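[1] Curious how this folds, go ahead:
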Amino acid sequence: MTGKALIVGASGIVGSATAKLLGETDWQVWGLARKPQPQPKVTPVAADLLDPASLSQALAGIAPTHVFISSWLRQPTEAENIRINSAMVRNLLDALSPARSVRHVALVTGLKHYLGPFENYGKGALPQTPFREEQGRLDIENFYYAQEDEVFAAAARDGFTWSIHRPHTIVGKAIGNAMNMGTTLAVYAAICAHTGRPFRFPGVAMQWEGLTDMTDAGLLARHLRWAATTPSAANQDFNVVNGDVFRWKWMWGRIADWFGIAPAPFDGTVRPLEEQMADDAKVWREIAAQHDLAEPDIHRLVSPWHTDADLGRPIEVVTDMSKSRRLGFLDYQPTDDAFFALFEELRASRLIP
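    Numbering: from 1, shown residues only. Predicted coordinates:
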């Protein structure tokens, strides 16, 4: 057996992909979530990271060697994001501390490390792209930094190694997830196909014309496993992206082709998905009934606000992976193929027609 993995946020995009990967090999896997979903070869652990007493009780008897943290709760202000999300990490590592079983903790954050938190996203003085790990932190409060500091403090106390993983927008399957561009675009495309509405790019000209990259959930899971089991990757922070770059004016047509619809011409007008899809709950219920879909509640599938944030950025975003490459992680995933694989999985699960 390679190790005993505790995956925190096991029902999310990252956690479920990591649980699937480790469960298919010789790891013993526990999946922690407030409401765990059944997953093959994963022992569910129902726990609230904000309730230290119940958390300690839920983790009693579990002595993981590796901990993968991919859980967070969005709050109305960054001050609250910091308070709540740092407490979640601190409570978890405090609950695991007495057993002294943990050898490595991997924390998943993201490119808001370089771009700033939601309140100041893409604003002010930002580092040059491609983003590199050596560029460090912005001079601004950020809950990612607070989460990192909790991991660093616990590592100094308990003697485990750590790794920080910063993906870009993640392509992967999850239901009820707060940041889910792939499923959001799939639902939007299905609605356009059903109603005959134009399949309009919702973002700004910079994103339409500029270069960008993304992160496949499966590739991120492999990166997490690699860093947790590679001595030279210990105590390092890493960017994690697919390895290709693209322009949305190319990708938008690729997605449209997959759904058998024509992409609407982009005239530079910003049409946020949050506005375009504001009244689509009824339409989606009709589509779900017609095609016998598994989830008729559109709000469980889409996160237009997050897709709008990504596609509304005023800067080009490209991420450097040289640090991982130099240390031996060479995986590559074409992003269009990542979208197509997700769409196939959504269709097979009867989540889109």
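[2] Tell me which stretches of the stretch 101-250 of the chain form strands.
    For the stretch 101-250 of the chain, strands defined by DSSP state E, counting those that start in this stretch occupy the ranges 104-108, 161-167, 170-171, 211-212, 215-216, 236-240, 246-247.
[3] In the chain, where is pLDDT below threshold?
    For the chain, applying pLDDT under 70 flags the ranges 1, 120-124, 178.
[4] who touches stretch 318-329?
    If you take Cβ atoms under 8 Å, 6 or more residues apart in numbering as the criterion, stretch 318-329 is touched by 111, 129-133, 166, 168, 211-213, 222-223, 226-227, 230, 232-233, 236, 238-241, 243, 245. Placement of C-beta: from N, CA and C, glycine included.
[5] Actually, stretch 190-204.
    By Cβ under 8 Å, 6+ apart, stretch 190-204 touches 188-189, 208, 248-249, 252, 256, 259-264, 266, 270-273, 276-277, 280, 283-284, 286-287, 304, 307-308, 310-314, 352-353.
[6] what do you get for stretch 241-251?
    Contacts of stretch 241-251 (Cβ under 8 Å, 6+ apart): 167-168, 201, 203, 207-216, 219, 266, 311, 318-319, 321, 331-336, 338-339.
[7] Now list the buried members of those residues.
    Taking 16 or more other Cβ atoms under 10 Å as the criterion, what is buried in these is 167-168, 201, 203, 207-208, 210, 212-216, 219, 266, 311, 318-319, 321, 331, 333, 335-336, 338-339.
[8] could you say what helices and strands the top helix by length along the chain packs with?
    Longest helix of the chain, by residue count under DSSP state H: helix 78-96. The contact analysis (3 or more Cβ pairs under 8 Å, 6 or more residues apart in numbering; DSSP states H and E) places helix 78-96 against helix 52-59, strand 66-69, helix 143-158.
[9] Just the buried residues of that helix, please?
    78, 81-82, 84-96.
[10] And the helices in the protein, which stretches?
    Counting by DSSP H, the helices of the chain are 13-23, 52-59, 78-96, 112-115, 143-158, 181-195, 205-209, 217-229, 248-258, 273-276, 281-291, 304-311, 322-327, 335-348.
[11] So which of those helices is the most surrounded?
    helix 13-23 (a mean of 25; mean count of other Cβ atoms under 10 Å).
[12] Report all helices and strands that it contacts.
    Partner elements for helix 13-23 (3+ Cβ pairs under 8 Å, 6+ apart): strand 4-8, strand 28-33, helix 217-229.
[13] With just CA atoms, put the shortest one into PDB.
    Output for strand 4-8, consisting of C-alpha atoms alone and laid out as PDB, is shown next (Å, rounded to 0.1, in the frame of the first residue of the first chain):
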ATOM      1  CA  LYS A   4      -3.500   6.300   3.600                       C
ATOM      2  CA  ALA A   5      -5.100   9.300   2.000                       C
ATOM      3  CA  LEU A   6      -7.600  11.700   3.600                       C
ATOM      4  CA  ILE A   7      -9.200  13.800   0.900                       C
ATOM      5  CA  VAL A   8     -10.800  16.900   2.200                       C
END
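[14] Tell me what angle it forms with helix 217-229.
    In terms of direction (axes from the mean of the first three to the mean of the last three Cα atoms, to 10 degrees), strand 4-8 departs from helix 217-229 by 130 degrees.
[15] what residues does strand 4-8 touch?
    Here strand 4-8 has contacts from 15, 18-19, 22, 27-33, 42, 45, 49, 59, 62-71, 92, 96, 101, using Cβ under 8 Å, 6+ apart.
[16] strands paired with it, and their directions?
    strand 28-33 (parallel), strand 66-69 (parallel) (DSSP bridges).
[17] Keeping just the C-alphas, turn stretch 227-235 into CSV.
    C-alpha atoms of stretch 227-235 as CSV (Å, rounded to 0.1, in the frame of the first residue of the first chain):
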residue,chain,number,x,y,z
ALA,A,227,4.1,15.9,-5.2
ALA,A,228,3.0,13.8,-2.2
THR,A,229,5.3,10.9,-3.2
THR,A,230,8.3,12.7,-4.7
PRO,A,231,10.9,13.7,-2.2
SER,A,232,12.2,16.6,-4.4
ALA,A,233,8.7,18.1,-4.5
ALA,A,234,8.4,18.4,-0.7
ASN,A,235,7.9,21.8,0.7
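[18] starting at the chain centroid, how far to that stretch?
    21 Å (Cα atoms, centre = their mean, to the nearest Å).
[19] next one: stretch 237-255
    Worked out by Cα atoms, centre = their mean, stretch 237-255 lies 15 Å from the chain centre.
[20] Any idea which of the helices and strands packed on helix 78-96 gets closest to A174?
    strand 66-69 (15.1 Å; Cβ to Cβ).
[21] who's in contact with that closest one?
    3-9, 15, 18, 89, 92-93, 96, 102-108, 147, 151, 224, 228.
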